[in-house]
Each structure stands twice: as C-alpha cells, then as structure tokens.
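S.K.: Have a look at this fold, sequence not included:
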C-alpha cells in the first residue's frame, strides 16, 4: 500500500470512492433520503473540486498497486471544520473500502496523517466521529485520541452528533 496526493485530474475517482465508502459505512443505518441529500451536497463534483482547490485542504488516496482502496482528507487553518487553530491538523475524512479492511490500511493512513502533522509542527491532530460508530471510536482511542468535545452533524434533515477526538503530538 502507498499513499499519493490527489489532484484535480483525480476528481472522478475521489467522488466515486467518497460516495462508495460513505454509503457502505452509513447507508444501512440511516434513511435513504438523508443519505441522498448529504451525498448530493458533500460529494458533488463542484463541491469536491472546490475542496481540492482549497490551499489548506489536501486529499490523499491509499493505493494498492493502481487501485484506490481508501482516502484521507486533511485540513489546516481556516479549512478546519471547527477548531481552526494554527497549531492543529484536522482529519476530516478517513475511509477504507470494506474488502481491504483488516489489513492495516486505516492505521497506515492515520500514521501518515500524524506524520504530516509532525512535519507541519502541529501540536495536535483531531477529528470527528459519529457517536454511534463504535468501531471507529475504538480505533482512534487505540491510537491515543481522546474525546474533548462534540458537535452537531447534519445528515440531510437528520441532526446527528459527532464526537470530537484529539491527540497531542
């Protein structure tokens, strides 16, 4: 597995894996109309193109040979969804396709994000995770992340809660 930076030419691949992984992760436990509303907004070609062009946001693909098996979205500065602190890096999205889960790809992507934060001399790295995503909460906790807050997350018309976790570097 190797990790590469996404550029504008990768927009279609980014959109496809974004939709696929989000649907797989949350489609069975949420109402279809809320999923469709969120996906049409968050993963539209125009929205993702805007995010790729954002200088304080970077997307990465996890690759096995020439196949995209996961992706990562990192934000700094004002691109962060909540904190927007100069000394922090946000992992806004980290997803792995289910057929390759259990091979350490998520951990490698998380290690990659932590390394990026260290290179940028950030003091901490943080992320939000849905309160009902117990597997992800265990995963981040095993990496030394601890909950420090929470915020609402709108999935279509459904107001959900994301728990905010951070790790001091």
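M.R.: Looks like it came in fine. Since we're looking at a predicted model, the values are computed, not measured. Numbers count the residues shown, from 1 in each chain.

S.K.: Burial check on the closest residue to residue 34 other than its chain neighbours, number of neighbours?
M.R.: Spatial nearest neighbour of residue 34, excluding adjacent residues (CB to CB, 6 or more residues apart in numbering): residue 156 at 3.0 Å. In short, each C-beta sits where N, CA and C put it, glycine included. Using other CB atoms under 10 Å, residue 156 is surrounded by 18 other residues.

S.K.: pretty sure residue 156 is touching residue 40, no?
M.R.: No. In this structure, residue 156 is not within contact of residue 40 by CB atoms under 8 Å, at 9.3 Å.

S.K.: which ones are touching the residue nearest to residue 34?
M.R.: Going by CB atoms under 8 Å, 6 or more residues apart in numbering, residue 156 touches 31, 33, 34, 35, 36, 37, 38.

S.K.: 7 Å instead?
M.R.: Neighbouring residues of residue 156 by CB atoms under 7 Å, 6 or more residues apart in numbering: 33, 34, 35, 37, 38.

S.K.: Over to residue 79?
M.R.: Residue 79 sits next to 54, 56, 57 when contact means CB under 7 Å, 6+ apart.

S.K.: for residue 40, same thing?
M.R.: Per CB under 7 Å, 6+ apart, neighbours of residue 40: none.

S.K.: Just the pLDDT for the residue nearest to residue 43 when sequence neighbours are not counted.
M.R.: Of all residues beyond its chain neighbours, the one nearest residue 43 is residue 18 (4.6 Å), with distances taken as CB to CB, 6+ apart. pLDDT for residue 18: 97.

S.K.: Restricted to strands, list the contacts of residue 79.
M.R.: Counting by DSSP state E, the part of these found in strands is residue 57.

S.K.: By neighbour count, which of the contacts of residue 79 wins?
M.R.: Neighbour counts for the contacts of residue 79, by other CB under 10 Å, peak at residue 57, which reaches 18 neighbours.

S.K.: wait, that residue sits on residue 78?
M.R.: No. With contact defined as CB atoms under 7 Å, residue 57 and residue 78 do not form a contacting pair (10.0 Å).

S.K.: Show the buried residues in the contacts of residue 156.
M.R.: Neighbour-count burial (16 or more other CB atoms under 10 Å) applied to the contacts of residue 156 gives 34, 35, 37, 38.

S.K.: Need the max-distance pair from those.
M.R.: Spatially, the most separated pair among the buried ones among the contacts of residue 156 is 35 and 37, at 7.4 Å (CB to CB).
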